[in-house]
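Undergrad: Below: sequence and its predicted model.
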Amino acid sequence: MEHVVTAQLRTVVGKKRAVRRLRSQGVIPAVAYGPGVEKPLNIGLKKNEFLKIFKHVSESTPLTLVVTDDSGKELFKHLAFIKMVQYDKVTDEVKHVDFYIPEAHHKMRINVPIHVVGKAAGVEKGGILELVHHEVVVEAFPDRVPEVIEIDVSNLGLGETIRVKDVKLPEGVKIDLDPEDVLITVIVPRGLEVEETAPTTETSEPEVLKKGKKEEEEE
């Protein structure tokens, strides 16, 4: 699903009174910067529109940022990511938003959360699922960045682990960790017995003793 954020270019910057006026009019001050733009763009977001989108996105969600002038004419359109959000200390409302504009044809590094799918078989047997990494740094082109990395743990048994090398990633996406690094494991609580498969032993055939015929004694 494409998320389009529409913003208006701000001409007045840095004046507290002007910023307060914007907020009172239902506008959130914001800035867009990064290697994909020549200079930082000071913009304003319509609060209600932005918050509707903000509920469903994270810092790893690719957004389409469209910047217009006062008349509504489009000045700028580019792939963007939310870099930072400032909140009011008292009301907890969004006060300011930073957008990062990457270069389209250059790979970027970004934090992506891990999303666990399913219930581990080891948890069903009393184990504890532990996420060693709740998020990982991935390297990818901006339009290839996954919003989340889904990992199915259904077949994960007691004492078993999922490592970086076990994760299936979209084409062009790489996790910036050692392939042997553990991402998820099922811990065996103290006192819990782990069922071990008994080793298969070959049963030896009983030796058959061939007995010769008894010589009949002549009477």
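TA: Received, thanks.

Undergrad: What's the local residue count around Gly159?
TA: By other Cβ atoms under 10 Å, 12 other residues sit near Gly159. The C-beta positions use only the backbone N, C-alpha and C, and glycine is treated the same way.

Undergrad: show me the contacts for it.
TA: The contact partners of Gly159, taken as Cβ atoms under 8 Å, 6 or more residues apart in numbering, are 122, 127, 185-188, 194.

Undergrad: if you set the cut-off to 6 Å instead, what comes out?
TA: With contact taken as Cβ atoms under 6 Å, 6 or more residues apart in numbering, Gly159 is in contact with Val188.

Undergrad: neighbours around Leu158, how many?
TA: Neighbours of Leu158 using other Cβ under 10 Å come to 22.

Undergrad: which parts of the helix or strand of the chain with the lowest mean pLDDT are buried?
TA: Ranked by mean pLDDT, DSSP states H and E, the weakest helix or strand in the chain is helix 16-24, scoring a mean of 85. By 16 or more other Cβ atoms under 10 Å, the buried positions in helix 16-24 come out as 19, 22-23.

Undergrad: and if you look at stretch 49-68?
TA: 50, 53-54, 57, 59-63, 65-68.

Undergrad: Can I get that stretch as PDB, trimmed to CA atoms?
TA: What follows is stretch 49-68, C-alpha atoms only, in PDB (Å, rounded to 0.1, in the frame of the first residue of the first chain):
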ATOM      1  CA  GLU A  49      -4.300  14.100   7.400                       C
ATOM      2  CA  PHE A  50      -0.800  13.300   8.600                       C
ATOM      3  CA  LEU A  51      -2.000  11.600  11.800                       C
ATOM      4  CA  LYS A  52      -4.300   9.200   9.900                       C
ATOM      5  CA  ILE A  53      -1.200   8.000   7.900                       C
ATOM      6  CA  PHE A  54       1.100   8.100  10.900                       C
ATOM      7  CA  LYS A  55      -1.000   5.500  12.700                       C
ATOM      8  CA  HIS A  56      -0.100   2.900  10.100                       C
ATOM      9  CA  VAL A  57       3.600   3.600   9.400                       C
ATOM     10  CA  SER A  58       7.000   3.400  11.000                       C
ATOM     11  CA  GLU A  59      10.500   4.700  10.400                       C
ATOM     12  CA  SER A  60      11.000   1.900   7.900                       C
ATOM     13  CA  THR A  61       7.900   2.600   5.900                       C
ATOM     14  CA  PRO A  62       8.600   4.100   2.400                       C
ATOM     15  CA  LEU A  63       6.400   7.200   1.900                       C
ATOM     16  CA  THR A  64       5.800   9.400  -1.100                       C
ATOM     17  CA  LEU A  65       6.300  13.000   0.000                       C
ATOM     18  CA  VAL A  66       4.600  15.600  -2.200                       C
ATOM     19  CA  VAL A  67       5.400  19.300  -1.500                       C
ATOM     20  CA  THR A  68       3.200  22.100  -2.900                       C
END
